[in-house]
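>>> sequence first, predicted model second:
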Amino acid sequence: MADNALTRLPVAGQLAVSIGAGLAIGAAFYFLFYQAKVEEKDQKQSQLDALQKTIRELEITVAKLPEFEKEVRALEEKLEVLKRFLPAERETPDLMRKVHSLATGASLTIMKFDASPQVSKDFYIEYPYQVEVNGTYHNLGVFFDRMGRLPRLVNASQINISAQATQRAAQTINAKFTATTYVYQEKPAQPGRPGGGPPR
């Protein structure tokens with residue numbers, strides 16, 4: 001057997017060297033292989049936890065899908081009802097002519113019936129008209145009642161009523177107000193485009 005430094009050591013020294021070498025190999029294995037595997041396992045566990053969380057969220061969404069679909073159908077039904085009260089843009093001039101005719105039919109004298117610039121909202125466009133009439137409280141009430149019965153929506157706002165200086169049987173008040181109709185739009189309209197002219 002060849003002579004080397006290890007064989008010249010006493011048995012206790014040889015044992016100590018062997019133990020030290022084993023510990024060194026074990027430490028190298030731990031840091032170079034086992035630790036890398038542990039880190040890889042932790043990373044995969046984190047990915048698995050995130051995936052399981054996403055799956056749980058999707059399961060909740062799927063469970064609520066019938067409820068969401070029911071809400072969408074309800075909103076679509078409300079929208080269809082709303083569309084029945086809102087005229088198409090091409091109907092607006094004719095509708096305002098009807099309003100003009102209702103005022104005349106209620107024995108009101110029309111002093112002004114002028115279109116104002118349209119106002120674009122999220123899903124509809126406002127078509128306001130500035131109106132001024134002379135008549136009586138009773139005739140004005142009849143006009144507003146008939147206008148409210150139109151199949152299409154026309155709203156009277158900013159109503160200002162004053163007594164006329166010269167009172168006559170059929171001419172006791174002056175009324176100024178804004179008559180507005182609304183047009184449904186699929187896409188937002190370009191703001192600032194003027195509305196149609198006064199009814200003819």
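Cool, the structure landed. Numbering: from 1, shown residues only.
>>> report the mean confidence score over stretch 39-53.
Regarding stretch 39-53, the rounded mean pLDDT is 79.
>>> could you chop the chain up by domain?
9-85, 89-184 (automatic domain parsing).
>>> pretty sure residue 136 contacts residue 168?
No: Residue 136 lies out of contact with residue 168 (C-beta atoms under 8 Å); the separation is 9.5 Å. Heads up, the C-betas are built off the backbone N, CA and C, glycines and all.
>>> with neighbour numbers in mind, choose between these two.
The neighbour comparison of residue 136 against residue 168 (other C-beta atoms under 10 Å) goes to residue 136, with 17 against 9.
>>> give me whichever of the domains of the chain is most buried.
domain 89-184 (a mean of 16; mean count of other C-beta atoms under 10 Å).
>>> how long is it from one end to the other?
8 Å (C-alpha to C-alpha, to the nearest Å).
>>> just the element for residue 45, please.
Counting by DSSP states H and E, the element that carries residue 45 is helix 35-85.
>>> that helix: what's the following helix or strand?
helix 92-105.
>>> what is that next one packed up against?
Using 3 or more C-beta pairs under 8 Å, 6 or more residues apart in numbering; DSSP states H and E, the elements in contact with helix 92-105 are strand 109-115, strand 124-135, helix 137-148, strand 171-184.
>>> dump those to CSV, plus distance to residue 162 and mean pLDDT.
Putting those into CSV (distance: least, C-beta to C-beta, whole Å; pLDDT from 0 to 100) gives the following:
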stretch, distance to residue 162, mean pLDDT
strand 109-115, 13, 93
strand 124-135, 10, 92
helix 137-148, 12, 93
strand 171-184, 5, 91
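>>> and residue 158, which of the ones you listed is closest to it?
In terms of C-beta to C-beta, the element of these nearest to residue 158 is strand 171-184, at 4.8 Å.
>>> who are the packing partners of the closest one?
In terms of contacts (3+ C-beta pairs under 8 Å, 6+ apart), strand 171-184 is packed against helix 92-105, strand 124-135, helix 137-148, strand 154-168.
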